[in-house]
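K.L.:
quick one, fold the following:
(4 chains)
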Amino acid sequence: MTTPYVALVHSPIDVARLQQRVSNDDVGAITLFIGTVRNLNDGRAVTGIDYEAYDAMALRELEAVASEIVAKMPDVRLAIEHRLGTLVVGEISVAIAAGHARRAIALDASCEAIEAIKRRAPIWKREHYADGDWCWVDPTKSSGNVQPKITEELAIVTAALAATMST
Amino acid sequence: MTTPYVALVHSPIDVARLQQRVSNDDVGAITLFIGTVRNLNDGRAVTGIDYEAYDAMALRELEAVASEIVAKMPDVRLAIEHRLGTLVVGEISVAIAAGHARRAIALDASCEAIEAIKRRAPIWKREHYADGDWCWVDPTKSSGNVQPKITEELAIVTAALAATMST
Amino acid sequence: MSASPGSVNVLLFASYADAFGSRQVSAPIGAPCSVFELVEALRTLPGGARLPERPLVAVNRSWSTADAQISVGDEVAVIPPVAGG
Amino acid sequence: MSASPGSVNVLLFASYADAFGSRQVSAPIGAPCSVFELVEALRTLPGGARLPERPLVAVNRSWSTADAQISVGDEVAVIPPVAGG
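P.N.:
I've put the predicted structure just below:
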(Lines give C-alpha, C1' and ligand atoms only; values in the text may rest on other atoms or scores of the structure.)
Protein backbone atom coordinates (compact mmCIF):
# COMPACT_ATOMS: atom_id res chain seq x y z
CA MET A 1 0.00 0.00 0.00
CA THR A 2 1.40 3.38 -1.02
CA THR A 3 1.08 6.30 1.39
CA PRO A 4 -0.86 9.10 -0.32
CA TYR A 5 0.67 12.54 -0.56
CA VAL A 6 -1.57 15.49 0.39
CA ALA A 7 -0.74 19.13 1.00
CA LEU A 8 -2.19 22.60 1.32
CA VAL A 9 0.01 25.02 -0.59
CA HIS A 10 0.30 28.78 -0.90
CA SER A 11 2.11 28.91 -4.25
CA PRO A 12 1.21 27.66 -7.74
CA ILE A 13 0.54 23.91 -7.99
CA ASP A 14 3.04 21.98 -10.11
CA VAL A 15 0.89 19.42 -11.93
CA ALA A 16 3.86 17.62 -13.51
CA ARG A 17 5.31 17.06 -10.06
CA LEU A 18 2.05 15.48 -8.84
CA GLN A 19 2.01 13.30 -11.94
CA GLN A 20 5.55 12.15 -11.14
CA ARG A 21 4.53 11.29 -7.58
CA VAL A 22 2.02 8.70 -8.81
CA SER A 23 4.14 7.39 -11.66
CA ASN A 24 5.73 4.00 -11.26
CA ASP A 25 6.77 1.06 -13.41
CA ASP A 26 3.68 -0.89 -12.36
CA VAL A 27 1.31 1.98 -13.20
CA GLY A 28 -0.60 1.71 -16.48
CA ALA A 29 -2.93 4.68 -16.09
CA ILE A 30 -2.63 8.08 -14.48
CA THR A 31 -5.52 10.48 -14.13
CA LEU A 32 -5.21 14.12 -13.21
CA PHE A 33 -8.07 16.26 -12.04
CA ILE A 34 -7.30 19.98 -12.13
CA GLY A 35 -9.64 22.62 -10.76
CA THR A 36 -9.14 26.12 -12.13
CA VAL A 37 -10.60 29.55 -11.43
CA ARG A 38 -13.01 30.43 -14.22
CA ASN A 39 -14.18 33.82 -15.33
CA LEU A 40 -17.90 33.24 -14.87
CA ASN A 41 -20.00 31.82 -12.05
CA ASP A 42 -23.76 31.95 -11.72
CA GLY A 43 -23.86 34.52 -14.50
CA ARG A 44 -21.38 36.93 -12.89
CA ALA A 45 -17.99 37.91 -14.28
CA VAL A 46 -15.36 36.63 -11.85
CA THR A 47 -11.92 38.21 -11.56
CA GLY A 48 -10.44 36.01 -8.84
CA ILE A 49 -11.00 33.88 -5.76
CA ASP A 50 -9.58 33.98 -2.23
CA TYR A 51 -9.28 30.47 -0.80
CA GLU A 52 -9.35 30.18 2.98
CA ALA A 53 -9.11 27.01 5.08
CA TYR A 54 -9.26 25.72 8.61
CA ASP A 55 -5.76 24.53 7.86
CA ALA A 56 -5.20 21.84 10.49
CA MET A 57 -8.60 20.24 9.92
CA ALA A 58 -8.49 20.63 6.13
CA LEU A 59 -5.19 18.77 6.00
CA ARG A 60 -6.65 16.08 8.23
CA GLU A 61 -9.70 15.72 5.97
CA LEU A 62 -7.54 15.54 2.84
CA GLU A 63 -5.50 12.80 4.51
CA ALA A 64 -8.69 10.97 5.52
CA VAL A 65 -10.16 11.22 2.00
CA ALA A 66 -6.95 9.85 0.50
CA SER A 67 -6.57 7.07 3.07
CA GLU A 68 -10.14 5.91 2.63
CA ILE A 69 -9.69 5.72 -1.14
CA VAL A 70 -6.45 3.76 -0.78
CA ALA A 71 -8.15 1.41 1.70
CA LYS A 72 -10.92 0.78 -0.83
CA MET A 73 -8.66 0.62 -3.88
CA PRO A 74 -5.42 -1.05 -2.79
CA ASP A 75 -2.27 -0.10 -4.69
CA VAL A 76 -3.75 3.15 -5.97
CA ARG A 77 -1.22 5.97 -5.83
CA LEU A 78 -2.64 9.36 -4.87
CA ALA A 79 -1.19 12.86 -4.74
CA ILE A 80 -3.38 15.83 -3.87
CA GLU A 81 -2.63 19.52 -3.47
CA HIS A 82 -5.12 22.28 -2.66
CA ARG A 83 -4.00 25.86 -2.98
CA LEU A 84 -4.93 28.64 -0.55
CA GLY A 85 -4.72 32.42 -0.87
CA THR A 86 -5.65 34.71 -3.73
CA LEU A 87 -5.93 33.19 -7.20
CA VAL A 88 -6.72 34.90 -10.49
CA VAL A 89 -8.73 33.48 -13.39
CA GLY A 90 -7.00 30.48 -14.96
CA GLU A 91 -4.96 29.52 -11.90
CA ILE A 92 -5.15 26.02 -10.44
CA SER A 93 -6.92 25.70 -7.08
CA VAL A 94 -6.74 21.93 -6.67
CA ALA A 95 -4.99 19.06 -8.42
CA ILE A 96 -5.45 15.35 -7.84
CA ALA A 97 -3.23 12.70 -9.41
CA ALA A 98 -4.11 9.01 -9.25
CA GLY A 99 -2.08 6.12 -10.64
CA HIS A 100 -2.88 2.43 -10.89
CA ALA A 101 -2.24 -0.60 -13.06
CA ARG A 102 -5.86 -0.38 -14.29
CA ARG A 103 -7.47 2.72 -15.75
CA ALA A 104 -10.89 2.14 -14.16
CA ILE A 105 -9.36 2.43 -10.70
CA ALA A 106 -7.27 5.49 -11.53
CA LEU A 107 -10.37 7.19 -12.95
CA ASP A 108 -12.57 6.23 -10.00
CA ALA A 109 -9.97 7.37 -7.49
CA SER A 110 -9.69 10.88 -8.94
CA CYS A 111 -13.50 11.24 -9.21
CA GLU A 112 -14.05 10.09 -5.64
CA ALA A 113 -11.28 12.31 -4.33
CA ILE A 114 -12.59 15.55 -5.82
CA GLU A 115 -16.18 14.82 -4.75
CA ALA A 116 -15.11 13.98 -1.20
CA ILE A 117 -12.83 17.03 -0.95
CA LYS A 118 -15.65 19.32 -2.03
CA ARG A 119 -17.99 17.70 0.49
CA ARG A 120 -15.67 17.36 3.49
CA ALA A 121 -12.69 19.68 3.47
CA PRO A 122 -13.19 22.88 5.51
CA ILE A 123 -12.13 25.22 2.74
CA TRP A 124 -13.99 28.32 1.56
CA LYS A 125 -13.81 30.60 -1.42
CA ARG A 126 -14.64 34.26 -1.74
CA GLU A 127 -15.33 35.20 -5.34
CA HIS A 128 -14.45 38.67 -6.56
CA TYR A 129 -16.52 40.10 -9.40
CA ALA A 130 -15.73 42.49 -12.18
CA ASP A 131 -18.12 45.06 -10.66
CA GLY A 132 -16.13 45.14 -7.39
CA ASP A 133 -18.62 43.06 -5.42
CA TRP A 134 -17.67 39.78 -3.73
CA CYS A 135 -19.39 36.69 -2.27
CA TRP A 136 -18.53 33.68 -0.14
CA VAL A 137 -19.55 30.78 -2.35
CA ASP A 138 -22.17 28.48 -0.83
CA PRO A 139 -22.60 25.20 -2.72
CA THR A 140 -25.49 24.15 -0.46
CA LYS A 141 -27.68 26.75 -2.14
CA SER A 142 -29.58 24.97 -4.90
CA SER A 143 -30.33 28.28 -6.56
CA GLY A 144 -26.96 28.50 -8.13
CA ASN A 145 -23.88 27.97 -5.99
CA VAL A 146 -23.25 31.47 -4.74
CA GLN A 147 -24.18 32.90 -1.37
CA PRO A 148 -24.47 36.69 -1.43
CA LYS A 149 -22.00 38.44 0.78
CA ILE A 150 -22.64 38.50 4.48
CA THR A 151 -24.29 41.92 4.51
CA GLU A 152 -27.31 40.63 2.63
CA GLU A 153 -29.12 39.10 5.54
CA LEU A 154 -32.14 37.57 3.89
CA ALA A 155 -30.11 35.25 1.71
CA ILE A 156 -27.94 34.30 4.68
CA VAL A 157 -30.97 33.11 6.59
CA THR A 158 -32.04 31.03 3.61
CA ALA A 159 -28.59 29.47 3.44
CA ALA A 160 -28.67 28.89 7.18
CA LEU A 161 -31.89 26.92 6.95
CA ALA A 162 -30.40 24.81 4.18
CA ALA A 163 -27.29 23.97 6.18
CA THR A 164 -27.61 20.72 8.11
CA MET A 165 -25.38 19.08 10.64
CA SER A 166 -22.87 16.67 9.14
CA THR A 167 -21.82 13.47 10.89
CA MET B 1 -18.17 24.68 -30.12
CA THR B 2 -14.42 24.14 -29.89
CA THR B 3 -12.75 21.96 -32.51
CA PRO B 4 -11.04 19.05 -30.78
CA TYR B 5 -7.34 18.43 -31.36
CA VAL B 6 -6.29 14.86 -32.12
CA ALA B 7 -2.99 13.47 -33.36
CA LEU B 8 -0.93 10.33 -33.80
CA VAL B 9 2.63 11.08 -32.77
CA HIS B 10 5.97 9.31 -33.01
CA SER B 11 7.79 11.16 -30.25
CA PRO B 12 7.11 11.55 -26.50
CA ILE B 13 3.74 13.08 -25.62
CA ASP B 14 3.92 16.48 -23.90
CA VAL B 15 1.13 16.33 -21.33
CA ALA B 16 1.52 19.97 -20.26
CA ARG B 17 0.99 21.03 -23.85
CA LEU B 18 -2.26 19.05 -24.08
CA GLN B 19 -3.37 20.60 -20.79
CA GLN B 20 -2.70 24.05 -22.25
CA ARG B 21 -4.76 23.24 -25.33
CA VAL B 22 -7.90 22.74 -23.23
CA SER B 23 -7.24 25.58 -20.80
CA ASN B 24 -9.32 28.69 -21.13
CA ASP B 25 -10.72 31.43 -18.91
CA ASP B 26 -14.16 29.81 -18.95
CA VAL B 27 -12.79 26.38 -17.96
CA GLY B 28 -13.21 25.38 -14.31
CA ALA B 29 -12.05 21.77 -14.53
CA ILE B 30 -9.46 19.95 -16.59
CA THR B 31 -9.03 16.20 -16.56
CA LEU B 32 -6.08 14.36 -17.99
CA PHE B 33 -6.03 10.66 -18.71
CA ILE B 34 -2.55 9.28 -19.29
CA GLY B 35 -1.88 5.71 -20.39
CA THR B 36 1.59 4.39 -19.64
CA VAL B 37 3.52 1.23 -20.41
CA ARG B 38 3.66 -0.89 -17.28
CA ASN B 39 6.14 -3.55 -16.36
CA LEU B 40 3.66 -6.38 -15.85
CA ASN B 41 0.73 -7.70 -17.90
CA ASP B 42 -1.13 -10.92 -17.34
CA GLY B 43 1.60 -12.05 -14.97
CA ARG B 44 4.47 -11.53 -17.41
CA ALA B 45 7.35 -9.09 -17.00
CA VAL B 46 7.03 -6.52 -19.80
CA THR B 47 10.03 -4.58 -21.09
CA GLY B 48 8.33 -2.49 -23.78
CA ILE B 49 5.56 -2.20 -26.34
CA ASP B 50 5.52 -1.54 -30.09
CA TYR B 51 2.44 0.45 -31.09
CA GLU B 52 1.26 0.07 -34.68
CA ALA B 53 -1.72 1.73 -36.35
CA TYR B 54 -3.69 1.83 -39.57
CA ASP B 55 -2.72 5.50 -39.51
CA ALA B 56 -5.28 7.09 -41.81
CA MET B 57 -8.19 5.23 -40.27
CA ALA B 58 -6.93 5.59 -36.70
CA LEU B 59 -6.74 9.34 -37.11
CA ARG B 60 -10.22 9.34 -38.57
CA GLU B 61 -11.56 7.31 -35.63
CA LEU B 62 -9.86 9.60 -33.09
CA GLU B 63 -11.47 12.57 -34.82
CA ALA B 64 -14.87 10.81 -34.80
CA VAL B 65 -14.59 9.90 -31.11
CA ALA B 66 -13.72 13.49 -30.23
CA SER B 67 -16.43 15.01 -32.44
CA GLU B 68 -19.09 12.74 -31.02
CA ILE B 69 -18.15 13.71 -27.47
CA VAL B 70 -18.21 17.41 -28.32
CA ALA B 71 -21.60 16.97 -30.00
CA LYS B 72 -22.95 15.33 -26.85
CA MET B 73 -21.22 17.70 -24.41
CA PRO B 74 -21.18 21.16 -26.02
CA ASP B 75 -18.36 23.48 -25.04
CA VAL B 76 -16.11 20.64 -23.89
CA ARG B 77 -12.52 21.16 -24.99
CA LEU B 78 -10.65 18.02 -26.02
CA ALA B 79 -7.05 17.29 -26.92
CA ILE B 80 -5.93 13.73 -27.64
CA GLU B 81 -2.58 12.27 -28.68
CA HIS B 82 -1.76 8.61 -29.23
CA ARG B 83 1.84 7.62 -29.64
CA LEU B 84 3.09 5.00 -32.11
CA GLY B 85 6.40 3.16 -32.34
CA THR B 86 8.49 1.50 -29.66
CA LEU B 87 7.93 2.55 -26.04
CA VAL B 88 9.71 1.38 -22.91
CA VAL B 89 8.17 0.87 -19.47
CA GLY B 90 6.93 4.14 -17.98
CA GLU B 91 6.48 5.96 -21.29
CA ILE B 92 3.14 7.54 -22.20
CA SER B 93 1.18 5.82 -24.97
CA VAL B 94 -1.94 7.98 -24.93
CA ALA B 95 -3.01 11.22 -23.28
CA ILE B 96 -6.45 12.80 -23.26
CA ALA B 97 -7.14 16.28 -21.93
CA ALA B 98 -10.67 17.56 -21.40
CA GLY B 99 -11.71 20.99 -20.16
CA HIS B 100 -15.11 22.38 -19.26
CA ALA B 101 -16.78 24.85 -16.92
CA ARG B 102 -18.15 21.90 -14.92
CA ARG B 103 -16.07 19.06 -13.53
CA ALA B 104 -18.67 16.35 -14.18
CA ILE B 105 -18.46 16.99 -17.91
CA ALA B 106 -14.67 17.16 -18.01
CA LEU B 107 -14.50 13.84 -16.12
CA ASP B 108 -17.12 12.17 -18.33
CA ALA B 109 -15.43 13.37 -21.50
CA SER B 110 -12.07 11.86 -20.64
CA CYS B 111 -13.63 8.56 -19.51
CA GLU B 112 -15.70 8.29 -22.67
CA ALA B 113 -12.76 9.19 -24.87
CA ILE B 114 -10.41 6.52 -23.55
CA GLU B 115 -13.09 3.81 -23.64
CA ALA B 116 -14.06 4.71 -27.21
CA ILE B 117 -10.46 4.88 -28.37
CA LYS B 118 -9.75 1.44 -26.96
CA ARG B 119 -12.87 0.07 -28.63
CA ARG B 120 -12.66 1.79 -32.02
CA ALA B 121 -9.21 2.99 -33.01
CA PRO B 122 -7.33 0.55 -35.28
CA ILE B 123 -4.19 0.50 -33.15
CA TRP B 124 -2.30 -2.58 -31.97
CA LYS B 125 0.38 -3.29 -29.45
CA ARG B 126 3.06 -5.93 -29.40
CA GLU B 127 4.34 -6.55 -25.89
CA HIS B 128 7.94 -7.57 -25.37
CA TYR B 129 8.73 -9.69 -22.34
CA ALA B 130 11.77 -9.98 -20.13
CA ASP B 131 12.32 -13.57 -21.38
CA GLY B 132 12.65 -12.38 -25.00
CA ASP B 133 9.17 -13.55 -26.05
CA TRP B 134 6.54 -11.19 -27.49
CA CYS B 135 2.76 -11.11 -28.09
CA TRP B 136 0.22 -9.04 -29.97
CA VAL B 137 -2.19 -8.00 -27.22
CA ASP B 138 -5.78 -9.11 -27.77
CA PRO B 139 -8.26 -7.40 -25.42
CA THR B 140 -11.14 -9.52 -26.78
CA LYS B 141 -9.71 -12.53 -24.97
CA SER B 142 -11.52 -12.74 -21.66
CA SER B 143 -8.79 -14.97 -20.26
CA GLY B 144 -6.46 -12.13 -19.60
CA ASN B 145 -5.86 -9.55 -22.30
CA VAL B 146 -2.98 -11.14 -24.13
CA GLN B 147 -3.04 -13.06 -27.37
CA PRO B 148 -0.08 -15.38 -27.76
CA LYS B 149 2.12 -14.57 -30.67
CA ILE B 150 1.03 -15.61 -34.10
CA THR B 151 3.07 -18.83 -34.15
CA GLU B 152 0.90 -20.40 -31.45
CA GLU B 153 -1.98 -21.45 -33.65
CA LEU B 154 -4.42 -22.92 -31.19
CA ALA B 155 -4.80 -19.71 -29.22
CA ILE B 156 -5.18 -17.76 -32.44
CA VAL B 157 -8.15 -19.84 -33.43
CA THR B 158 -9.73 -19.17 -30.03
CA ALA B 159 -9.21 -15.46 -30.50
CA ALA B 160 -10.63 -15.69 -33.98
CA LEU B 161 -13.86 -17.25 -32.74
CA ALA B 162 -14.18 -14.50 -30.17
CA ALA B 163 -13.78 -11.72 -32.72
CA THR B 164 -17.06 -10.45 -34.09
CA MET B 165 -17.90 -8.03 -36.80
CA SER B 166 -18.23 -4.46 -35.63
CA THR B 167 -20.69 -2.03 -37.13
CA MET C 1 -6.49 25.61 23.61
CA SER C 2 -8.35 25.85 26.95
CA ALA C 3 -11.56 27.77 27.71
CA SER C 4 -11.75 30.12 30.69
CA PRO C 5 -14.45 29.16 33.24
CA GLY C 6 -17.87 30.08 31.94
CA SER C 7 -16.82 30.37 28.31
CA VAL C 8 -15.79 28.23 25.31
CA ASN C 9 -13.35 29.58 22.79
CA VAL C 10 -14.67 29.12 19.21
CA LEU C 11 -12.79 29.40 15.92
CA LEU C 12 -14.60 31.17 13.07
CA PHE C 13 -13.95 31.21 9.32
CA ALA C 14 -15.07 32.87 6.11
CA SER C 15 -18.64 34.27 6.28
CA TYR C 16 -18.99 33.42 9.98
CA ALA C 17 -15.80 35.31 10.80
CA ASP C 18 -17.30 38.23 8.87
CA ALA C 19 -20.57 37.90 10.82
CA PHE C 20 -18.84 38.14 14.21
CA GLY C 21 -16.15 40.52 12.95
CA SER C 22 -13.51 38.19 14.38
CA ARG C 23 -11.79 34.89 13.68
CA GLN C 24 -12.32 33.74 17.25
CA VAL C 25 -15.00 34.41 19.91
CA SER C 26 -15.72 33.37 23.50
CA ALA C 27 -19.13 31.74 23.69
CA PRO C 28 -20.95 32.66 26.91
CA ILE C 29 -21.31 29.09 28.17
CA GLY C 30 -19.10 26.83 30.25
CA ALA C 31 -17.76 23.44 29.20
CA PRO C 32 -18.85 20.71 29.42
CA CYS C 33 -21.82 21.51 27.22
CA SER C 34 -23.37 20.11 24.05
CA VAL C 35 -22.63 21.42 20.58
CA PHE C 36 -26.27 22.50 20.35
CA GLU C 37 -25.99 24.49 23.61
CA LEU C 38 -22.78 26.11 22.40
CA VAL C 39 -24.45 27.25 19.17
CA GLU C 40 -27.41 28.65 21.13
CA ALA C 41 -24.97 30.66 23.27
CA LEU C 42 -23.09 31.93 20.19
CA ARG C 43 -26.33 33.12 18.63
CA THR C 44 -26.89 35.52 21.57
CA LEU C 45 -23.69 37.39 20.71
CA PRO C 46 -23.56 40.45 18.39
CA GLY C 47 -23.63 39.06 14.83
CA GLY C 48 -24.74 35.66 16.15
CA ALA C 49 -28.15 35.90 14.52
CA ARG C 50 -26.37 35.33 11.23
CA LEU C 51 -25.44 31.81 12.29
CA PRO C 52 -27.80 29.07 11.16
CA GLU C 53 -29.60 27.23 13.98
CA ARG C 54 -27.62 24.11 13.20
CA PRO C 55 -24.33 25.10 11.64
CA LEU C 56 -21.56 22.62 10.90
CA VAL C 57 -19.34 22.26 13.97
CA ALA C 58 -15.95 20.58 14.36
CA VAL C 59 -14.60 19.45 17.71
CA ASN C 60 -10.90 18.70 17.86
CA ARG C 61 -10.71 19.00 14.06
CA SER C 62 -13.36 16.35 13.42
CA TRP C 63 -16.92 16.83 12.19
CA SER C 64 -19.31 16.77 15.12
CA THR C 65 -23.05 16.41 15.76
CA ALA C 66 -25.48 18.66 17.66
CA ASP C 67 -25.66 16.29 20.63
CA ALA C 68 -21.90 15.79 20.95
CA GLN C 69 -20.33 16.97 24.22
CA ILE C 70 -17.65 19.65 24.39
CA SER C 71 -15.09 19.29 27.17
CA VAL C 72 -12.75 21.83 28.68
CA GLY C 73 -9.75 22.22 26.38
CA ASP C 74 -11.46 21.00 23.21
CA GLU C 75 -10.68 22.88 19.99
CA VAL C 76 -14.10 23.99 18.68
CA ALA C 77 -14.86 25.53 15.29
CA VAL C 78 -18.15 26.65 13.74
CA ILE C 79 -17.95 26.02 10.03
CA PRO C 80 -19.71 27.74 7.11
CA PRO C 81 -20.83 25.66 4.10
CA VAL C 82 -17.61 24.35 2.61
CA ALA C 83 -16.60 25.27 -0.94
CA GLY C 84 -13.19 23.77 -1.61
CA GLY C 85 -11.97 22.46 -4.91
CA MET D 1 -5.98 2.16 -54.61
CA SER D 2 -7.50 0.10 -57.45
CA ALA D 3 -7.77 -3.68 -57.67
CA SER D 4 -6.65 -5.50 -60.77
CA PRO D 5 -9.41 -7.55 -62.47
CA GLY D 6 -10.12 -10.71 -60.49
CA SER D 7 -8.45 -9.51 -57.30
CA VAL D 8 -8.96 -7.11 -54.40
CA ASN D 9 -5.98 -5.51 -52.72
CA VAL D 10 -6.19 -5.87 -48.92
CA LEU D 11 -4.21 -4.05 -46.22
CA LEU D 12 -2.99 -6.13 -43.29
CA PHE D 13 -1.74 -5.15 -39.84
CA ALA D 14 -0.18 -6.56 -36.69
CA SER D 15 -0.91 -10.29 -36.17
CA TYR D 16 -2.65 -10.58 -39.56
CA ALA D 17 0.35 -9.10 -41.34
CA ASP D 18 2.45 -11.69 -39.51
CA ALA D 19 0.03 -14.46 -40.57
CA PHE D 20 0.31 -13.61 -44.25
CA GLY D 21 3.96 -12.54 -44.01
CA SER D 22 3.03 -9.27 -45.70
CA ARG D 23 1.35 -5.93 -45.01
CA GLN D 24 -0.71 -6.23 -48.18
CA VAL D 25 -2.16 -9.14 -50.19
CA SER D 26 -4.25 -9.64 -53.32
CA ALA D 27 -7.40 -11.58 -52.49
CA PRO D 28 -8.31 -14.04 -55.29
CA ILE D 29 -11.74 -12.52 -55.90
CA GLY D 30 -12.97 -9.75 -58.17
CA ALA D 31 -14.85 -6.63 -57.06
CA PRO D 32 -17.72 -6.06 -56.65
CA CYS D 33 -18.05 -8.67 -53.92
CA SER D 34 -19.24 -8.77 -50.33
CA VAL D 35 -16.95 -8.42 -47.33
CA PHE D 36 -17.87 -11.98 -46.39
CA GLU D 37 -16.84 -13.27 -49.84
CA LEU D 38 -13.58 -11.35 -49.64
CA VAL D 39 -12.72 -12.93 -46.29
CA GLU D 40 -13.53 -16.40 -47.66
CA ALA D 41 -11.14 -15.73 -50.54
CA LEU D 42 -8.41 -14.50 -48.20
CA ARG D 43 -8.72 -17.62 -46.08
CA THR D 44 -7.72 -19.78 -49.08
CA LEU D 45 -4.32 -18.05 -49.26
CA PRO D 46 -1.19 -19.32 -47.46
CA GLY D 47 -1.53 -18.15 -43.83
CA GLY D 48 -5.20 -17.39 -44.41
CA ALA D 49 -6.34 -20.13 -42.05
CA ARG D 50 -5.14 -17.91 -39.23
CA LEU D 51 -7.84 -15.34 -40.03
CA PRO D 52 -11.04 -15.67 -38.05
CA GLU D 53 -14.15 -16.50 -40.10
CA ARG D 54 -15.54 -13.04 -39.39
CA PRO D 55 -12.64 -10.66 -38.82
CA LEU D 56 -13.11 -6.93 -38.46
CA VAL D 57 -13.00 -5.27 -41.87
CA ALA D 58 -12.74 -1.62 -42.83
CA VAL D 59 -13.77 -0.32 -46.24
CA ASN D 60 -12.53 3.13 -47.17
CA ARG D 61 -11.28 3.62 -43.59
CA SER D 62 -14.68 2.96 -42.00
CA TRP D 63 -15.81 -0.08 -40.05
CA SER D 64 -17.79 -2.40 -42.28
CA THR D 65 -20.14 -5.36 -41.94
CA ALA D 66 -20.00 -8.86 -43.48
CA ASP D 67 -22.76 -8.10 -45.97
CA ALA D 68 -21.32 -4.77 -47.12
CA GLN D 69 -20.32 -4.55 -50.80
CA ILE D 70 -16.77 -3.84 -51.95
CA SER D 71 -16.43 -1.88 -55.18
CA VAL D 72 -13.49 -1.53 -57.52
CA GLY D 73 -11.10 1.04 -56.09
CA ASP D 74 -12.21 0.69 -52.45
CA GLU D 75 -9.50 0.72 -49.79
CA VAL D 76 -10.01 -2.53 -47.89
CA ALA D 77 -8.31 -3.57 -44.64
CA VAL D 78 -8.71 -6.68 -42.49
CA ILE D 79 -8.25 -5.68 -38.89
CA PRO D 80 -7.04 -7.71 -35.90
CA PRO D 81 -8.60 -7.11 -32.48
CA VAL D 82 -7.67 -3.52 -31.63
CA ALA D 83 -5.56 -2.74 -28.57
CA GLY D 84 -4.90 0.98 -28.51
CA GLY D 85 -4.57 3.11 -25.43
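K.L.:
low-confidence stretches in the chain?
P.N.:
Assuming you mean chain A. Applying pLDDT under 70 to chain A flags the ranges A:1, A:142-167.
K.L.:
the chain in question should be chain C.
P.N.:
Applying pLDDT under 70 to chain C flags the ranges C:1-5.
K.L.:
so what does residue A:18 look like in phi/psi?
P.N.:
Backbone torsions for residue A:18, taken as degrees, to the nearest 10, come to phi -70, psi -40.
K.L.:
so who does it touch?
P.N.:
Contacts for residue A:18 (Cβ atoms under 8 Å, 6 or more residues apart in numbering or on different chains) come out as A:5, A:32, A:79-81, A:95-97. Any C-beta I mention is one placed from the backbone N, CA and C, and that applies to glycine too.
K.L.:
how does it look with 10 Å?
P.N.:
Counting by Cβ atoms under 10 Å, 6 or more residues apart in numbering or on different chains, residue A:18 touches A:5, A:7, A:30, A:32, A:34, A:78-81, A:95-98.
K.L.:
now, of those residues, which are buried?
P.N.:
For those, a neighbour count by 16 or more other Cβ atoms under 10 Å in any protein chain shown gives the buried set as A:5, A:30, A:32, A:34, A:78-81, A:95-98.
K.L.:
and the residue in chain C positioned nearest to chain D, how many neighbours does it have?
P.N.:
In chain C, the residue that lies nearest chain D is residue C:85 (28.3 Å; Cβ to the nearest Cβ). For residue C:85, the neighbour count with other Cβ atoms under 10 Å in any protein chain shown is 24.
K.L.:
and the nearest residue to it once chain neighbours are set aside, how far from residue A:66?
P.N.:
Spatial nearest neighbour of residue C:85, excluding adjacent residues (Cβ to Cβ, 6 or more residues apart in numbering or on different chains): residue A:118 at 4.3 Å. From residue A:118 across to residue A:66, the span is 14 Å (Cβ to Cβ, to the nearest Å).
K.L.:
which parts of the chain are helices?
P.N.:
Chain wasn't specified; assuming chain A. Taking DSSP state H, the helices of chain A run over residues A:15-22, A:55-72, A:103-120, A:153-162.
K.L.:
can you look at chain C instead?
P.N.:
C:14-20, C:35-42.
K.L.:
figure out which of the ones you listed is closest to residue A:108.
P.N.:
Taking Cβ to Cβ, helix C:14-20 is the member of these nearest to residue A:108, at 30.8 Å.
K.L.:
just the buried positions in the closest one, please.
P.N.:
Applying 16+ other Cβ under 10 Å to helix C:14-20 flags C:14-20 as buried.
K.L.:
and that helix, what does it pack onto?
P.N.:
Here helix C:14-20 touches strand A:44-53, strand A:123-129, strand A:134-137, helix A:153-162, strand C:8-12, strand C:24-27, helix C:35-42, strand C:76-79, going by 3 or more Cβ pairs under 10 Å, 6 or more residues apart in numbering or on different chains; DSSP states H and E.
K.L.:
need the residues of chain A near chain D, please.
P.N.:
By the rule Cβ under 10 Å from any Cβ of the partner chain, the part of chain A lying against chain D is A:28-29, A:103.
K.L.:
re the thing from before, among the contacts of residue A:18, which one sits closest to residue A:89?
P.N.:
Residue A:89 has its nearest neighbour among the contacts of residue A:18 in residue A:34, at 14.3 Å by Cβ to Cβ.
K.L.:
surely the closest one touches residue B:110?
P.N.:
No. In this structure residue A:34 lies outside contact range of residue B:110 using Cβ atoms under 10 Å: 11.3 Å.
K.L.:
adding neighbour count, write the residues of chain A next to chain D out as TSV.
P.N.:
Shown next, in TSV, are the residues of chain A next to chain D (neighbours: other Cβ atoms under 10 Å in any protein chain shown):
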residue	neighbour count
A:28	24
A:29	23
A:103	20
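K.L.:
show me which of those residues is closest to chain B.
P.N.:
residue A:28 (4.1 Å).
K.L.:
the closest one is in contact with residue A:77, isn't it?
P.N.:
No. Residue A:28 lies out of contact with residue A:77 (Cβ under 10 Å); the separation is 11.7 Å.
K.L.:
shared neighbours, those two?
P.N.:
Listed as contacting both residue A:28 and residue A:77 by Cβ under 10 Å, 6+ apart are A:99-100, A:106.
K.L.:
these: which ones sit near chain B?
P.N.:
A:99-100, A:106.
K.L.:
give me the distance between the closest residue to residue A:64 other than its chain neighbours and chain D.
P.N.:
Once flanking residues are discounted, residue A:64 sits nearest to residue A:120: 7.6 Å by Cβ to Cβ, 6+ apart. Distance from residue A:120 to chain D, counting by Cβ to the nearest Cβ, to the nearest Å: 33 Å.
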